[in-house]
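>>> the sequence isn't on hand, but the structure is:
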């Protein structure tokens, strides 16, 4: 029989066993918890990777358009009915209306009319002489009118030679005086290139995105041998020629109250101290005011804030940009009103929407519906005065923005930051003060599409010529793009304007003469 000491000792042993089991259970619980946390993290990572794969697939195989698919009738919010029709500006494809299915019917496409200003050559078709008699009584037929139709014709490119003769005069009496007529200054002295030829080459490259090597092939086909290096040097010289015009254009833009800014990459091969594959940048400033519709391109090797500071100089108006952070410090230092682009904000939700499960409505749909309300209001008020726009933005747009803010604050707490929807929400949150600032004036734009549209011709050209050989070439391209895109913004035909300024600039010696060549001043002078 066990005595008391044995029982006490046994009890102690049992307590140790129980304590050990508790430790084991606690250890297992911690291990289980860690495994659950690890599993949760892996599941989260799997979801993010799946989202990333879907995003890549969408970019590679899906539509690149930002047009929305038809949403279900019960979708999201109905505030649009209380403000304005939820549709986007007509000029912006990225914000087009949702597709509406209507009863199928066919409409005959209207044929485009031939412009009246085109030169016309009349070609008369007459009856043969033996058909000009009446088959019934033999009477001679009398003309009573005509039927007509028109065709478009084209004269293929051809090259001609301008043979300049400078007449000489001498005094018939003393024979000591001789004078020769002066030749007008040329865009490139001692060159065979006329202003018209230079304008043609520049138009082909910077408007039609045709690389110089392809132009040399075309010239060869019509009987003129020219190498690419010669054409490249001509374009650099033309870029230098228009520099005074570019400087004045820049000054006039900085006098405006609103500017748009953007930048895109460009590769320059022979840049001192930098590898050939290093990316440089083409910056663009855009002014949309009717009195100064202008586009300024600027080549720079970096994307730093110093470039922005130099570009803006003493500008103190409002600047519309995307979310690139380098714009922030210069704007704050100069006291510039910094506006952010709703098109960029919407684009991030479009990316998130593309990877949603089909048939499901998510935060991306809600955000897009909200933003469409804002664009619907902008479309409704686009023809109003700035004062009227301001009042309508305060009464219509501001309440929508307040609803978006409440929705945004709630959504941030329930979306993984690394997911596409999480990134879109955080971008919206970070840019919010600049995004809502457009309602503070009837003059401010809602997005940066003006700058994006201005930089698009360069991006299209870059796909064809891929890189610039030298910084001089990149700077020349920037100058010529500036001249051409500003001409287009003012309704001028690029070739005619280039030919005019290439003819006039070599003889322009005063500020007034250069000022007269700015597109908005020279509209009536371009032939």
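Arrived safely. What you see is a predicted model, and the numbers here were worked out from it, not measured in a lab.
>>> average pLDDT for stretch 259-272?
Averaged across stretch 259-272, the pLDDT comes to 83.
>>> ditto for stretch 225-243
Here the average pLDDT along stretch 225-243 is 95.
>>> buried ones in it, by neighbour count?
Across stretch 225-243, burial judged by 16 or more other Cβ atoms under 10 Å covers 226, 231, 232, 233, 234, 235, 236, 237, 238, 239, 241, 242. To be clear about C-beta, it is placed using only N, CA and C from the backbone, and glycine gets the same treatment.
>>> quick one: name whatever helix or strand follows the host helix or strand of the fifth one.
When elements are defined using DSSP states H and E, residue 234 is found to belong to helix 228-241. Toward the C-terminal end, the helix or strand that comes next after helix 228-241 (DSSP H and E) is helix 243-254.
>>> so what secondary structure elements neighbour that following helix?
When contacts are defined as 3 or more Cβ pairs under 8 Å, 6 or more residues apart in numbering; DSSP states H and E, helix 243-254 packs onto strand 279-287, strand 294-300, helix 471-489, helix 511-515.
>>> let's see 10 Å
Identification of packing neighbours for helix 243-254 by 3 or more Cβ pairs under 10 Å, 6 or more residues apart in numbering; DSSP states H and E yields strand 279-287, strand 294-300, helix 305-312, helix 471-489, helix 511-515.
>>> and the direction of that helix versus that of helix 471-489, what angle?
When axes from the mean of the first three to the mean of the last three Cα atoms, to 10 degrees is applied, the directions of helix 243-254 and helix 471-489 differ by 60 degrees.
>>> following the chain onward from helix 243-254, which element is next?
strand 258-267.
>>> on that earlier part again, how far is the helix holding residue 234 from where the chain is centred?
Chain-centre distance of helix 228-241: 26 Å, with Cα atoms, centre = their mean, to the nearest Å.
>>> and for residue 472, nearest residue in space, chain neighbours not counted?
residue 236 (5.3 Å; Cβ to Cβ, 6 or more residues apart in numbering).
>>> show me the contacts for that neighbour.
Contacts for residue 236 (Cβ atoms under 10 Å, 6 or more residues apart in numbering) come out as 469, 470, 472, 473, 474, 475, 476, 477, 479, 480.
>>> and which of those is nearest residue 216?
Checking the contacts of residue 236 against residue 216 with Cβ to Cβ, the nearest one is residue 469 at 15.1 Å.
>>> tell me the pLDDT of that closest one.
Per-residue pLDDT puts residue 469 at 74.
>>> for it, which non-adjacent residue is spatially closest?
Leaving out its chain neighbours, the residue that sits closest to residue 469 by Cβ to Cβ, 6+ apart is residue 269, at 5.4 Å.
>>> next one: that neighbour from residue 373, what distance?
Residue 269 sits at a distance of 48 Å from residue 373 (criterion: Cβ to Cβ, to the nearest Å).
>>> low pLDDT regions in the stretch 251-400 of the chain?
270, 276 (pLDDT under 70).
>>> helices of the stretch 1-150 of the chain, start to end?
Counting by DSSP state H, counting those that start in this stretch, one finds helices in the stretch 1-150 of the chain at the ranges 4-61.
>>> where does it have low pLDDT?
1-2, 40-110.
>>> quick one, domains of this protein?
193-340+448-527, 342-446 (automatic domain parsing).
>>> of those, which approaches residue 168 most closely?
Comparing the domains of the chain by Cβ to Cβ, domain 193-340+448-527 comes nearest, at 22.2 Å.
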